[in-house]
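S.K.: A structural model of the following input is requested.
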Amino acid sequence: MSGEPHLPPPAHARPVTLRPATGSDRDFLLAVYSASREEELAPVPWSDEQKAAFLAQQFQAQGRDYRQRHPAGRFLIVEVGGEPAGRLYLAVLPGNGLPDELRILDIALLAPFRNAGTGSALLADVIAEADRDGRRVSLHVERWNRARRLYERLGFAVVAETDVYLLLERPPASS
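M.R.: From the prediction side, this is the model:
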């Protein structure tokens, strides 16, 4: 024995799986949501308690909105090597004259699972599903979000924009 501590394999070397989110995942999902907003809230001069209360309220409102607007949506927990790592929310939207759209409502990973291939693996699976079904894939992203570069590498392009958000789409492979 070398005396070295046993370290788990890096996130990119472990299998990425999805499972439906359940009520028992609420605390984990709140932690993922909160982690996704840390950078944005860092300069806000609130106490930790005020930030936590704000995040809990926003998390609740977002979840209610997603489920009301997309009752057939898929609300999934991302696991890496069996360990909860993030969330992936998907919905199918009608195409209105175009191919239907597989909308990524939300994709968020905890920090230890970012920049390790987990997001790329998730998106590759979403794209493969959409291609198989002849659907576009779309998502909204903040203009300054670093993940935008990944989306563009995977064939997403800007199709609409506001002051804050870009709507990115990737056509089905068959088009």
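S.K.: Every contact and neighbour count from this point should use C-alpha atoms.
M.R.: OK.
S.K.: all strands for this protein, in order.
M.R.: 16-20, 74-80, 83-93, 101-109, 136-142, 157-161, 165-170 (DSSP state E).
S.K.: Identify whichever of the ones you listed lies nearest to residue 50.
M.R.: Set against residue 50 and scored by CA to CA, the strands of the chain come closest in strand 101-109, at 22.6 Å.
S.K.: The closest one: how far from the chain's middle?
M.R.: Put simply, strand 101-109 sits 5 Å off its chain's centre (CA atoms, centre = their mean, to the nearest Å).
S.K.: Could you list every helix and strand that it packs against?
M.R.: If contacts are counted by 3 or more CA pairs under 8 Å, 6 or more residues apart in numbering; DSSP states H and E, strand 101-109 sits against helix 26-41, strand 83-93, helix 118-133, strand 136-142.
S.K.: how about the strands of the chain, which one is nearest residue 45?
M.R.: If you check each of the strands of the chain against residue 45 by CA to CA, strand 136-142 wins as the nearest, at 22.6 Å.
S.K.: which ones are touching the residue nearest to the spatial centre of the chain?
M.R.: Among the residues of the chain, the smallest C-alpha distance to the mean C-alpha position (CA atoms, centre = their mean) belongs to residue 107, namely 0.3 Å. With contacts defined as CA atoms under 8 Å, 6 or more residues apart in numbering, the neighbours of residue 107 are 86-89.
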